[in-house]
Each structure stands twice: as structure tokens, then as C-alpha cells.
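Q: Below are the sequence and a predicted model for it; my questions follow.
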Amino acid sequence: MRSEAVGAAIAGGALGALTGALVGLPAVGAVVGGLNGAVSGHRRIYERSTRGALAFVLDSSWALATTAAGLAAHAVAAAQPDAGYAAELSERRNRHVYARGLRFRRGFAITTGNVVNGAGDLASARRARLVTDHEDVHVWQSRLFGPLFPLLYGGWMLGGAVFGSIVWAARRRDQPFAKVVETCAYYLNPFEWWAYSRDDHWPPAGKVAGLGWRRPAVQSFAARG
């Protein structure tokens with residue numbers, strides 16, 4: 001095992017144990033932090049910079065819950081002989097990227113903690129940019145919002161589904177019910193609005209025109225050069 005993997009496993013386990021102790025689960029925290037450190041150190045995903053150090057510390061502490069979800073995604077990918085780990089988009093990029101791995105919907109990538117799944121054909125410039133300009137935003141959202149991220153994201157999805165149903169019944173029967181609900185629950189989710197805006201894809205093609213945010217949330221990475 002690489003020395004970087006050993007060092008990251010020890011440091012990650014220590015940070016995870018300290019974090020887990022805050023909720024009475026030091027052993028669980030140590031296992032999650034240690035495993036993430038071992039896998040991430042072996043694959044050398046963290047930049048050797050202040051940004052990389054911040055990513056590692058957050059993954060091993062504040063964002064430990066979403067890091068645990070990322071470990072589950074690694075397990076799913078490990079069971080797939082064709083998971084397609086993309087080292088070129090992972091090494092020193094502060095994330096893990098799989099062409100396949102954990103997937104719930106065809107054509108859609110999904111990010112769990114520091115793991116991007118379902119990236120697709122990464123020989124395509126568009127799919128590669130989806131990782132760098134969209135999914136990487138979700139990786140950092142997971143880190144910055146930590147245990148609040150799944151609660152806020154999931155809460156919006158549920159509330160948006162209810163709201164979308166009401167909107168469809170009240171004034172958007174000209175559109176398919178599922179599309180209106182998807183727009184309110186998924187596309188208008190502030191975390192997705194943020195990511196699609198960074199990716200220079202706002203409004204996205206699947207969004208129902210006239211519903212919700214009309215302008216990008218932030219400047220795209222492409223516009224920033």
C-alpha cells in the first residue's frame with residue numbers, strides 16, 4: 001500500500017473518531033474516516049494544496065455522513081467488473097469518478113459524498129465537462145453543507161413534488177404531470193440550480209418553461225474562463 005494511503009488512513013481515522021465521538025460513535029467515525037483515507041490516499045485524489053487539505057479534512061469530519069455514502073458507492077462499483085474508474089478525472093481532483101457505478105436513472109450522473117457515479121462516456125467532451133463543471137459542484141456542496149446536505153436536498157425534493165402536483169392541478173395541465181413535478185422537485189432545487197448554472201446549462205432542457213428561476217444562480221465556469 002502506498003505511504004500516502006497509510007498516512008491518509010491514519011489521519012482520516014483520527015479525525016473521524018473525534019467527529020464520531022461528538023455523537024457517541026467514535027468507532028464508526030474512525031472506520032469511515034480511515035476507509036476514505038485509505039481508498040482516497042491509494043488513488044491519490046487529494047490535491048497537494050490548501051484546497052486539497054480542506055477537502056480531506058471536511059471529508060473526514062463535518063462531511064463524514066456523506067463520505068460514508070460515498071464508501072457505499074465504492075462498494076457498488078467494486079461489485080461491477082465494468083464500473084469504469086476514471087483516474088484521469090480523479091487523481092489530484094479531490095473526487096472519485098466512475099463511468100458507471102451506482103446509478104438510479106439512465107443518462108444522469110449521481111454524486112454521493114466525494115464519489116461521482118454514472119459519468120458515462122468520458123471520451124465525450126460534454127460528459128467530461130459534466131463531471132468538472134456540474135458534479136464537482138455537488139461534491140463540494142456535500143462537503144460544505146455536511147450532514148445538512150442530504151436533509152436539505154431531500155427536503156426540497158419532497159416539498160417540490162407536493163408543490164409541483166398543486167401547480168399542475170391549478171394551472172399547468174398543458175404539460176405532463178410528471179414533467180411539472182420533476183421541474184419543481186429536481187430542476188428548481190437550489191443545489192441543482194447552482195450546479196446547472198456553473199455548467200452553463202441553465203435553463204436545462206428538461207425543465208418546464210416558465211416555471212421557477214429564469215436566470216442562472218451564479219456565473220458559469222465557462223464564462224469565467
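A: That came through, no problem.

Q: Grab the longest helix from this protein for me.
A: helix 148-171 (DSSP state H).

Q: tell me what the following helix or strand past that one is packed against?
A: Once the chain leaves helix 148-171, the next helix or strand it forms, by DSSP states H and E, is helix 177-182. The criterion is 3 or more CB pairs under 8 Å, 6 or more residues apart in numbering; DSSP states H and E, and the helices and strands that helix 177-182 contacts are helix 148-171. Every residue, glycine included, has its C-beta placed from N, CA and C.

Q: helices and strands of the protein: which one bottoms out on pLDDT?
A: For the chain, the helix or strand with the lowest mean confidence is helix 221-224, at a mean of 90 (criterion: mean pLDDT, DSSP states H and E).

Q: quick one: contacts of that helix?
A: Contacting residues not belonging to helix 221-224 are listed as 132-133, 198-200 [CB atoms under 8 Å, 6 or more residues apart in numbering].

Q: Just confirm Gly12 is within a helix.
A: Yes: remark: Gly12 belongs to a helix, assigned using DSSP: H, G, I helix; E, B strand; the rest coil.

Q: ok, how many other residues are close to it?
A: For Gly12, the count of nearby residues is 29 (other CB atoms under 10 Å).

Q: Work out which residue lies at the spatial centre of the protein.
A: In the chain, the C-alpha nearest the mean C-alpha coordinate belongs to Thr111, at 3.0 Å (CA atoms, centre = their mean).

Q: How is that residue assigned, secondary-structure-wise?
A: Remark: Thr111 carries the secondary structure label strand [criterion: three-state DSSP].

Q: Who are the contact partners of it?
A: When contacts are counted by CB under 8 Å, 6+ apart, Thr111 is found next to 117, 135, 138-139, 142.

Q: Leu211 now?
A: By CB under 8 Å, 6+ apart, the contact list for Leu211 reads 167, 172, 180, 183-184, 188.

Q: Who does Val115 form a beta bridge with?
A: With DSSP bridges as the criterion, the beta-bridge partners of Val115 are His96, Thr112.

Q: Buried residues, the host helix or strand of Val28. List them.
A: Element membership for Val28 (DSSP H and E) is helix 26-42. Taking 16 or more other CB atoms under 10 Å as the basis for neighbour counts, the residues of helix 26-42 that come out buried are 28-41.

Q: Save those residues as CSV, and put in pLDDT too.
A: As requested, those are arranged in CSV below (pLDDT from 0 to 100):
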residue, pLDDT
Val28, 98
Gly29, 98
Ala30, 98
Val31, 98
Val32, 98
Gly33, 98
Gly34, 98
Leu35, 98
Asn36, 98
Gly37, 98
Ala38, 98
Val39, 98
Ser40, 98
Gly41, 97
